[in-house]
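In: Okay, sequence plus prediction incoming.
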Amino acid sequence: MPILIRFAGKIRIIVYPGDHPPTHVHVKDNQYEVKVDISGDTAQAMRPSKKERFKTTPKFTAKALQLCQANLEFLKEEVKIYYGAE
């Protein structure tokens with residue numbers, strides 16, 4: 001799983017090659033993970049599927065959305081490299 005961006009050594013924005021639509025990234029630290037849809041003009045939190053068991057908090061989710069929104073164009077371009085996203 002390629003790390004697209006690392007913040008303060010803890011928070012990582014990653015992509016899983018060949019992942020499913022919509023275009024999204026995973027924002028993780030040592031405790032939490034949230035999926036963020038980056039297909040539109042605004043980064044949006046995604047609900048995990050029934051088989052995914054991500055833990056997050058409102059504070060971590062807000063931070064993840066802030067980081068993704070601030071780097072949205074970069075993330076959209078990088079994701080294309082790894083799984084031919086839209």
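Out: Noted; the coordinates are in hand. Numbering: from 1, shown residues only.
In: how about the helices in this structure?
Out: For the chain, the helices defined by DSSP state H occupy 58-70, 72-83.
In: can you redo those as TSV with distance to residue 15 and mean neighbour count?
Out: The way it works is simple: take the backbone N, C-alpha and C, and place the C-beta from them, glycine included. Below are the helices of the chain laid out as TSV (distance: least, CB to CB, whole Å; neighbours: other CB atoms under 10 Å):
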stretch	distance to residue 15	mean neighbour count
helix 58-70	12	16
helix 72-83	5	16
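In: Now do the contacts for residue 32.
Out: 54-57, 60 (CB atoms under 8 Å, 6 or more residues apart in numbering).
In: List buried residues within those residues.
Out: Of all these considered here, the ones buried according to neighbour count by 16 or more other CB atoms under 10 Å are 56, 60.
In: Hmm, which of the contacts of residue 32 is lowest in pLDDT?
Out: Within the contacts of residue 32, pLDDT reaches its minimum at residue 54, with 85.
In: Hmm, that one is touching residue 33, no?
Out: Yes - under the criterion of CB atoms under 8 Å, residue 54 makes contact with residue 33 at 4.4 Å.
In: Look up how far residue 51 lies from residue 6.
Out: 27 Å (CB to CB, to the nearest Å).
In: higher neighbour count, those two?
Out: Per other CB atoms under 10 Å, whichever of residue 6 and residue 51 has more neighbours is residue 6, with 11 against 5.
In: Tell me where the model's unsure across the protein.
Out: Along the chain, the model assigns pLDDT under 70 to residues 84-86.
In: Which members of the contacts of residue 32 are the farthest-apart pair?
Out: 54 and 57 (11.2 Å; CB to CB).
In: Give the full set of residues in contact with residue 63.
Out: Counting by CB under 8 Å, 6+ apart, residue 63 touches residue 11.
In: ditto for residue 14
Out: Residue 14 neighbours (CB under 8 Å, 6+ apart): 1-4, 25-28.
In: any chance of those in JSON lines, with distance to residue 80 and neighbour count too?
Out: Output for those, formatted as JSON lines (distance: CB to CB, whole Å; neighbours: other CB atoms under 10 Å):
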{"residue": "1", "distance to residue 80": "16", "neighbour count": "12"}
{"residue": "2", "distance to residue 80": "12", "neighbour count": "13"}
{"residue": "3", "distance to residue 80": "16", "neighbour count": "10"}
{"residue": "4", "distance to residue 80": "11", "neighbour count": "20"}
{"residue": "25", "distance to residue 80": "12", "neighbour count": "30"}
{"residue": "26", "distance to residue 80": "16", "neighbour count": "20"}
{"residue": "27", "distance to residue 80": "19", "neighbour count": "26"}
{"residue": "28", "distance to residue 80": "21", "neighbour count": "20"}
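In: Cool, thanks, talk later.
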